[in-house]
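>>> need a 3D model of the following:
(chains A and B, ligands or ions: 2)
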Amino acid sequence: MLKIFNLKASTGGKDILKGLNLEIKAGEVHAIMGPNGSGKSTLANVLSGKPGYQVSGEINFEGKKLNNVPIEERAQNGIFLAFQYPLEIPGVNTSNFLRTAINSIRKSKGEKELDALSFIKLIKEKASELKIDEKFLSRQLNVGFSGGEKKKNEILQMKLLEPKFSVLDETDSGLDIDALRIVADGVNSYKNKDNSFLIITHYQRLLDYIKPDFIHVLSDGKIIKTGRSELGQQLEKTGYKHLN
Amino acid sequence: MKNKELNSLKEYKYGFTTQIEDFKAPKGLTEETVRFISKIKKEPKWLLDWRLKAFKRLKSLKEPNWQKPKYPKIQYQDLYYFSSPKSLKDKPKSLDEVDPKLIETYKKLGIPLDEQKKLSGVAVDAVFDSVSVATTFKGELTKKGIIFCSISEAIQKHPSLVKKYLGSVIPITDHYFATLNSAVFTDGSFVYIPPNVKCPMELSTYFRINASQTGQFERTLIIADRGSYVSYLEGCTAPMRDENQLHAANVELIALDDAEIKYSTVQNWYPGDEEGNGGIYNFVTKRGACRGKNSKISWTQVETGSAITWKYPSCILQGDNSVGEFYSIAITNNHQKADTGTKMIHLGKNTKSKIISKGISAGSADNTYRGLVDISRKALNSRNYTQCDSLLMGNSCGAHTIPYIKNKNASSVIEHEATTSKINEDQLFYCNQRGLNQEEAVSLIVNGFCKEVLQQLPMEFAVEAQKLVLISLEGSVG
Ligand SMILES: Nc1ncnc2c1ncn2[C@@H]1O[C@H](COP(=O)(O)OP(=O)(O)OP(=O)(O)O)[C@@H](O)[C@H]1O
Ligand SMILES: [Mg+2]
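Ligands and ions are numbered 1, 2, ... in the order given. Okay, here's the model as predicted:
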């Protein structure tokens, strides 16, 4: 599904990703761990096409080179990023935003736009699965949401937009114990043989709920170690230092 | 809105000129011109005297220059002060007699005047250069005793109402442009709502400048008698020309006891080209008097056009418990400039005012909010709430907020909030990541920013205004 060859990215004169290789197959869950500042969010940004980076190497998604594809087209092709810091957009009603988003994606696939009624039905269903109070849907997008509420809202969007490949950037940070479980259940129930995940996290906790097929350690812009899910427990004990 | 659709609308689509034979007053600002206008309109003597008084006064006044946008000196002697399609010289009795070219012009502007295709639920008065072309739905309104006609017609048919109220909110001595208008005003709309009548439809005037080298000086007078209600909307367009044309209107509103006037403007005069050549100078005086107790006047404006917009729709809150509101979106792009806001003058007890101003600046444009809240000694327990938000798109535009507050009354409460933000790259990225393209993302953010004001517009126009907002900002991000 996703193949990354020798990916390098720099911004503001700083080299951040320094030759990264990764392959994620359909149905797989990969986790990325690594010290602060090692380039995890940068990888997420570059995969989704955020402007402002000098990028070399290749990102290949379903056999197609992505490097120069605009952000919204990547999203329409099924790439989703749950932000580490979700943005607030004042004045924009959450449910309106979500409807615009889902319809943009549907339009791009040549599908019919959802009318207001079917949309409301759909969004209420998804919200209740994640135990999100309907009241949030009529609030301004992320404005005044608590840290955890914002993260849940990201997962709500994921479930609504039904991407093929989702990057979750520290979605677990800031979630309380119950919310973590709900979010993890949300991901697990969405997971199937056709879609894949890249989960960026600092904590083994999340990986206890969502079992990754592979764990990679990103350090200074490169993957320095890849292992199966036991690697998580090991890192929890020993930290990253001994890997260098 | 789809990309393609936006692109096709990107150009100022009202920029065409109607080839029509016109009939003009002699060039120049002279007593002769004033007399000419009054004569051609067959005005009574009192009105001619009124105009002449204004003209005399004008000679002793100086053009103000405290405003932020500066402009080259206007050559008043090179302008025409009256221009009318020849065919309207003898006022047509019905639409069948109106020059088809004029009807066609309004059709192109999306304003059907022919009886069959009238905008549903909206009565329209169309003003072309200096004269009113036609007013629709007259019959239905007359049944309720509502008067909606051109001011010229009102001067003939309802002289006592006009005499009583004209200049009662904006005195002829007020300031340079208001005085100029009083001397040479040509046409505009007149509305009178009788006591306890709720006007059953939107009243709307559509202003069109067609002739070149012509100033437009319209005069609008709206009176809402005791316990009545009216919602009124004006729209405006002009052809694209590389000269600057002056539009100096006076609008007076009077609300008596328990009456309410809602006045909305969607201003889309030609803004000039991308380099800043041409465009309308929109120097307008708008003022409403809440004369009666419990009366209410609410101004809503969406200002997207004009090279320079310079206006402060104001409320004089005379009646106890009266309410004044001002909702504004002012958009400036390319080289456009705006210096706009409001004045809320609290005189009565328990008077309330609310100001919501949204300024959006893009390109090399400059946008100033300037507002006065003046609470007099007698205005016990009065309140004002002001919120001014500015949104900047790009790095070479400017936004300024200049609030003046005079509070002579300790029992009154004034609140003021102001924010300035930039359309944020990260917000755009967030939207794009959810599948929205650049246009959709900008429109979502801008609409969110403007929402409080757009919501105030009558339904029929809110959608149009929303589109207009986006079109005027087209190409300013990304
Ligand atoms: N615009 C920029 N200019 C300069 N340095 C930048 C810029 N953006 C990111 N960086 C730097 O790049 C490095 C990688 O940042 P990134 O956000 O990808 O880290 P991360 O692995 O996600 O860290 P964390 O675990 O704290 O979220 C950091 O050192 C950061 O300061
Ligand atoms: Mg990060």
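
>>> and stretch B:181-200, how far apart are its ends?
31 Å (C-alpha to C-alpha, to the nearest Å).

>>> spit out the contact partners of the closest residue to residue B:215 other than its chain neighbours.
Of all residues not flanking residue B:215 in the chain, residue B:246 sits nearest, at 4.2 Å (C-beta to C-beta, 6 or more residues apart in numbering or on different chains). To be clear about C-beta, it is placed using only N, CA and C from the backbone, and glycine gets the same treatment. Counting by C-beta atoms under 8 Å, 6 or more residues apart in numbering or on different chains, residue B:246 touches B:74, B:79, B:215, B:216, B:280, B:281, B:283.

>>> now the buried members of the residues you listed.
B:79, B:215, B:216, B:280, B:281, B:283 (16 or more other C-beta atoms under 10 Å in any protein chain shown).

>>> okay, and the residue nearest to residue B:215 sits in which element?
Using DSSP states H and E, residue B:246 falls within strand B:244-247.

>>> quick check: mean pLDDT of that strand?
Mean pLDDT, computed over strand B:244-247, is 84.

>>> so which of the buried ones among the contacts of residue B:246 sit within strands?
Among the buried ones among the contacts of residue B:246, the members falling in strands (DSSP state E) are B:280, B:281, B:283.

>>> and the gap between the residue nearest to the first one when sequence neighbours are not counted and residue B:369?
I take that to be residue B:280. Nearest non-adjacent residue to residue B:280, counting by C-beta to C-beta, 6+ apart: residue B:269, 3.7 Å away. Distance, residue B:269 to residue B:369, using C-beta to C-beta, to the nearest Å: 20 Å.

>>> as CSV, the contacts of residue B:246 with pLDDT would be great.
What follows is the contacts of residue B:246, written out as CSV (pLDDT from 0 to 100):
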residue, pLDDT
B:74, 88
B:79, 86
B:215, 78
B:216, 82
B:280, 87
B:281, 90
B:283, 93
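
>>> now do the contacts for the closest residue to chain A within the stretch 151-300 of chain B.
Nearest residue of the stretch 151-300 of chain B to chain A: residue B:300, at 16.8 Å (C-beta to the nearest C-beta). Shown in contact with residue B:300 (C-beta under 8 Å, 6+ apart): B:262, B:263, B:264, B:265, B:327, B:328, B:453, B:456, B:457.

>>> over to residue B:435?
By C-beta under 8 Å, 6+ apart, the residues touching residue B:435 are A:72, A:75, A:76, A:101, A:102, A:104, A:105, A:108, A:161.

>>> turn the residues you listed into TSV, columns for secondary structure.
Shown next, in TSV, are these (DSSP: H, G, I helix; E, B strand; the rest coil):
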residue	secondary structure
A:72	helix
A:75	helix
A:76	helix
A:101	helix
A:102	helix
A:104	helix
A:105	helix
A:108	helix
A:161	helix
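
>>> closest to residue A:17 out of the residues you listed?
Nearest to residue A:17 among those: residue A:75, at 20.9 Å, using C-beta to C-beta.

>>> residue A:112 belongs to a strand, doesn't it?
No: Residue A:112 is assigned coil when assessed by three-state DSSP, not a strand.

>>> tally of neighbours for it?
9 (other C-beta atoms under 10 Å in any protein chain shown).

>>> wait, residue B:473 touches residue B:360, no?
Yes: counting by C-beta atoms under 8 Å, residue B:360 is a contact partner of residue B:473 at 6.7 Å.

>>> which one's more surrounded, these two?
The neighbour comparison of residue B:473 against residue B:360 (other C-beta under 10 Å) goes to residue B:360, with 28 against 24.

>>> how close does the more buried one sit to residue B:419?
Counting by C-beta to C-beta - residue B:360 and residue B:419 are separated by 13 Å.

>>> got any residues that touch both of those two?
Common neighbours of residue B:360 and residue B:419, using C-beta under 8 Å, 6+ apart, are residue B:390.

>>> quick one, phi psi at residue B:469?
phi -60, psi -50 (degrees, to the nearest 10).

>>> tally of neighbours for it?
The number of residues packed near residue B:469 is 23, by other C-beta under 10 Å.

>>> go on, the one 3 residues further on?
For residue B:472, the neighbour count with other C-beta under 10 Å is 23.

>>> is it in contact with residue B:331, as I believe?
Yes: using C-beta under 8 Å, residue B:472 is in contact with residue B:331, at 5.1 Å.

>>> list residues touching both of the two?
Common contacts of residue B:472 and residue B:331 (C-beta under 8 Å, 6+ apart): residue B:304.

>>> now do the SS call for the residue in chain A that chain B sits nearest to.
Nearest to chain B in chain A, going by C-beta to the nearest C-beta, is residue A:91, at a distance of 2.9 Å. Here residue A:91 is recorded as strand under three-state DSSP.

>>> so the nearest residue in space to it that is not next to it in sequence is in which element?
Using C-beta to C-beta, 6+ apart and skipping the chain neighbours, the partner closest in space to residue A:91 is residue B:448 (2.9 Å). Element membership of residue B:448 [criterion: DSSP H and E] is helix B:438-454.

>>> next, the angle strand A:89-93 makes with that helix.
Here the directions of helix B:438-454 and strand A:89-93 differ by 80 degrees (axes from the mean of the first three to the mean of the last three C-alpha atoms, to 10 degrees).

>>> the residue nearest to residue A:91 and residue B:181, how far apart?
37 Å.
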